[in-house]
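Peer 1: my questions concern the predicted model and sequence given below.
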Amino acid sequence: MTAHLCISVRFIDPSDRPSFHGRSDGGTPEWPPSPLRFFQALVAASAARFGNPDQFRDYAAPAFEWLAELHPPIVVAPEGITGTPFRTAVPNNDMDVVAWDWARGLEPHKQPAALKALKTVWPTYMVGGGEFPAVHYLWEVEDMDQAGLERHKAALFAAAGDLFALGWGTDMAVGQGRLLTSAEVSELKGQRWEPVGNEAVTRLRVPTPGTFDALVTRYGAFLSRIGEKGFVPVPPLAAFAVVGYRGANDPPTRRYAAFRLRHPVEDRSTLFATTRANSVAAMIRNSTARVAEDQKRPSEWIDRYVHGHREGADSALPRFSYLPLPSIERRGDSNLVVGAIRRVMVAEVIDSGQSQLPWVRQMLPGQFLTDEKTGDRKALLTPLTGGDWVLRQYIDSSATWATVTPVVLPGSDARARKRSGGRRGSSGSPAGKFAKAEKLFFKALGHAGYSPDALAEFELRNASFWPGGEWALSFQRPDYLTKGHWSVYHVRLRWKQSIKGPIAIGAGRHCGLGIFAAMSD
């Protein structure tokens, strides 16, 4: 049975806007506080209990080494809002200069009171955490680690009780260790951040099995930094790992394989009208299925991954999405215009398990896209690298994205609206004559794996947001997306933070519709 080890850190900040000042690599604000930062604070708190270093190591080392061997923890924290940086004069930790003169019997060339320095303060304000907001670190301890939990929980809980700060010295805090049930874990208030791998936007440092020894060694180097040879700089901590974390409201990223469309005979690109995106997607799917069948891939695999056949209404089952990429072309000095389709992409659904894209990258180059009715070869697939300028418009990070092929909503809003232009919305409750469309869009957003809470605002309209783009209703759709008269819109999104593509949303997101490209913020 899985146990949940929880160590909570509650900030003691009596101000109206509780804040945190820890920084990540590069000096940028860090939120949530990384597991490595928390681990360091826990080790420091435990060491302060003992006057004898050997006694501390004998007591605490096994517990901390065991904790560092566990899978990186889940973090539950309040929302963090980055404040405006400002500069202030603070006492400089430079008494070494004065002490060095004293040790040689000299008059210090600077008095201690004069040792001031300008420091940049860049706070992160904790929102929605109450008067004394808390950050919770959660480890799911499996059966094989239960014995270790029983041996070490007393030392870890004692260290949590001794904790006095997390972040800068001004970030005063108290800790508490406990074991929680699954029901108690679900009741913890705050945003949930989970370690998901390298593709997450947020990167947090985490301890590794060698981190505890490295911290002890580094502290020893700090104590002996001044000696007969003068000042010896303390080397930075190197024994840690960096893990991608994704918050519950963070838009996730997708894996993909991209290809260029070449003419089957001539040495030039093949191009298709943007309104035929669905037809191009069908040709890619058919080509993929043909290769899979020739290789004797299991019929179940072909049905699920290639054709996207689902069991019931589960839209999260692993499958391929076929995304034609209309060219984003420069016109003049700064204008970007939507052009014909010359590139395509095969992407996997968000949070798919084991990736099948290595097979796609190996087998699709050199395959032809064939017209289903005539059997004529229309294009040849060749590999496309991430350095391609047009491809980057679909995969780079941006806070603002707009459709190049329209979103098909999972339903019709015809009775609830008048077709009279655009409507700007937000992640709050929809209202007015476009209320039905907004509700359907939020539904489509969830189907694609995105949280409405990550969205700052959006806009729906019939006309394209891109110069040169076609009207939403002029795009071809498969029969199953036309029989129910489902609504079709171009959409512009602004997320609360920049996210990476590719992005495809709506009922046609696997077959060439609802594809977004990044717009300048």
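Peer 2: It's in. Numbering: from 1, shown residues only.

Peer 1: and the residue of the chain most remote from its centre, what element?
Peer 2: Relative to the mean C-alpha coordinate of the chain, counting by Cα atoms, centre = their mean, the farthest residue is residue 105 (56.5 Å). Counting by DSSP states H and E, residue 105 is held by no secondary-structure element, helix or strand.

Peer 1: could you list the low-pLDDT ranges of the chain?
Peer 2: Along the chain, the model assigns pLDDT under 70 to residues 1, 91-96, 109-115, 197-201, 249-252, 310-317, 333-334, 351-353, 415-434, 521.

Peer 1: all helices of it, in order?
Peer 2: All helices of the chain, identified by DSSP state H, fall at 35-48, 53-69, 95-103, 146-162, 182-186, 211-223, 277-294, 299-301, 357-363, 389-395, 435-447.

Peer 1: what about residue 488, distance to residue 155?
Peer 2: With the distance defined as Cβ to Cβ, to the nearest Å, residue 488 ends up 61 Å from residue 155. Just so you know, the C-beta spots here come from the backbone N, C-alpha and C atoms, and that holds for glycine as well.

Peer 1: please say which of these two ends up with more neighbours.
Peer 2: Higher neighbour count among residue 488 and residue 155: residue 488, with 25 against 19, using other Cβ atoms under 10 Å.

Peer 1: can you give me the strands for the stretch 251-400 of the chain?
Peer 2: In the stretch 251-400 of the chain, the strands defined using DSSP state E, counting those that start in this stretch lie at 256-262, 320-331, 335-348, 368-370, 377-383, 397-403.

Peer 1: one step back: how about the helices of the chain in CSV, adding distance to residue 496?
Peer 2: CSV is the format used below for the helices of the chain (distance: least, Cβ to Cβ, whole Å):
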stretch, distance to residue 496
helix 35-48, 24
helix 53-69, 33
helix 95-103, 43
helix 146-162, 32
helix 182-186, 24
helix 211-223, 32
helix 277-294, 29
helix 299-301, 38
helix 357-363, 29
helix 389-395, 20
helix 435-447, 14
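
Peer 1: closest one to residue 369 among those helices?
Peer 2: Residue 369 lies closest, by Cβ to Cβ, to one member of the helices of the chain: helix 277-294, at 4.0 Å.

Peer 1: quick one: the strands of the stretch 251-400 of the chain as JSON lines, columns for mean neighbour count and distance to residue 175 too.
Peer 2: As requested, the strands of the stretch 251-400 of the chain are exported to JSON lines (neighbours: other Cβ atoms under 10 Å; distance: least, Cβ to Cβ, whole Å):
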{"stretch": "strand 256-262", "mean neighbour count": "22", "distance to residue 175": "42"}
{"stretch": "strand 320-331", "mean neighbour count": "22", "distance to residue 175": "45"}
{"stretch": "strand 335-348", "mean neighbour count": "21", "distance to residue 175": "40"}
{"stretch": "strand 368-370", "mean neighbour count": "18", "distance to residue 175": "60"}
{"stretch": "strand 377-383", "mean neighbour count": "18", "distance to residue 175": "52"}
{"stretch": "strand 397-403", "mean neighbour count": "20", "distance to residue 175": "35"}
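
Peer 1: now these as TSV including distance to residue 291?
Peer 2: Rendered in TSV, the data for these read as follows (distance: least, Cβ to Cβ, whole Å):
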stretch	distance to residue 291
strand 256-262	13
strand 320-331	12
strand 335-348	12
strand 368-370	10
strand 377-383	10
strand 397-403	30
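
Peer 1: compare those and give me the one nearest residue 71.
Peer 2: Closest among the strands of the stretch 251-400 of the chain, once you apply Cβ to Cβ, is strand 335-348, at 23.5 Å.

Peer 1: picking that back up, residue 134 is nearest to which of the strands of the stretch 251-400 of the chain?
Peer 2: Evaluated over the strands of the stretch 251-400 of the chain, closeness to residue 134 peaks at strand 397-403, with 29.3 Å, by Cβ to Cβ.

Peer 1: and that closest one, which strands flank it?
Peer 2: Sheet pairing for strand 397-403, assigned by DSSP bridges, gives strand 488-500 (antiparallel), strand 515-519 (antiparallel).

Peer 1: ok so, going back, for residue 453, find the nearest of the helices of the chain.
Peer 2: The closest approach between residue 453 and any of the helices of the chain, judged by Cβ to Cβ, belongs to helix 435-447 at 10.2 Å.

Peer 1: quick one, the closest one and strand 488-500 angle?
Peer 2: 40 degrees (axes from the mean of the first three to the mean of the last three Cα atoms, to 10 degrees).

Peer 1: buried residues, helix 435-447. List them.
Peer 2: For helix 435-447, a neighbour-count test (16 or more other Cβ atoms under 10 Å) marks 435-445, 447 as buried.

Peer 1: what helices and strands are in contact with it?
Peer 2: If you count contacts as 3 or more Cβ pairs under 8 Å, 6 or more residues apart in numbering; DSSP states H and E, helix 435-447 packs onto strand 423-426, strand 455-461, strand 488-500.

Peer 1: 10 Å instead, please
Peer 2: Helix 435-447 sits against strand 407-408, strand 423-426, strand 455-461, strand 488-500, with contacts defined as 3 or more Cβ pairs under 10 Å, 6 or more residues apart in numbering; DSSP states H and E.

Peer 1: hmm, back to that, who are the neighbours in contact with the residue farthest from the centre of the chain?
Peer 2: Residues near residue 105 by Cβ atoms under 10 Å, 6 or more residues apart in numbering: none.

Peer 1: residue 133 touches residue 76, doesn't it?
Peer 2: No - under the criterion of Cβ atoms under 10 Å, residue 133 lies out of contact with residue 76, with a separation of 11.1 Å.

Peer 1: what is the burial count for residue 63?
Peer 2: Residue 63 is surrounded by 22 other residues when neighbours are defined as other Cβ under 10 Å.

Peer 1: residue contacts, residue 74?
Peer 2: 4, 6, 35, 136-140, 185, 188, 192-195, 245.

Peer 1: distance-wise, check it relative to residue 185.
Peer 2: Going from residue 74 to residue 185 by Cβ to Cβ gives 9 Å.

Peer 1: what touches both of these two?
Peer 2: Residues touching both residue 74 and residue 185 comprise 4, 6, 136, 138, 140, 192, with contact defined as Cβ under 10 Å, 6+ apart.

Peer 1: now do the contacts for the fifth one.
Peer 2: Spelled out, that is residue 140. The contact partners of residue 140, by Cβ under 10 Å, 6+ apart, come to 2-5, 70-71, 73-74, 182, 185.

Peer 1: out of those residues, which are buried?
Peer 2: In the contacts of residue 140, the ones that pass as buried (16+ other Cβ under 10 Å) are 3-5, 70, 73-74, 185.

Peer 1: among the residues you listed, which are located in strands?
Peer 2: Judged by DSSP state E, the subset of the buried ones among the contacts of residue 140 located in strands is 3-5, 74.

Peer 1: if we can go back for a sec, quick one: which of the strands of the stretch 251-400 of the chain is nearest residue 299?
Peer 2: Of all those, strand 320-331 sits nearest to residue 299, with 15.7 Å by Cβ to Cβ.

Peer 1: closest to residue 40 out of the ones in strands among the buried ones among the contacts of residue 140?
Peer 2: Among those, and counting by Cβ to Cβ, the member closest to residue 40 is residue 5, at 18.1 Å.

Peer 1: what is the burial count for the nearest residue to the closest one once chain neighbours are set aside?
Peer 2: For residue 5, ignoring the flanking residues on the chain, the nearest one in space by Cβ to Cβ, 6 or more residues apart in numbering is residue 139 at 4.4 Å. A count of neighbours around residue 139, defined by other Cβ under 10 Å, yields 20.

Peer 1: and what of residue 355?
Peer 2: Should you count by other Cβ under 10 Å, residue 355 turns out to have 12 residues around it.

Peer 1: quick one: it and residue 346 touch, right?
Peer 2: No - counting by Cβ under 10 Å, no contact exists between residue 355 and residue 346, whose distance comes to 11.4 Å.

Peer 1: mutual contacts of these two, please.
Peer 2: Taking Cβ under 10 Å, 6+ apart as the criterion, residue 355 and residue 346 both touch 255, 257.

Peer 1: now for the ones in strands among the buried ones among the contacts of residue 140: which two are most distant?
Peer 2: For these, the maximum inter-member distance is 13.7 Å, found between 3 and 74 (Cβ to Cβ).
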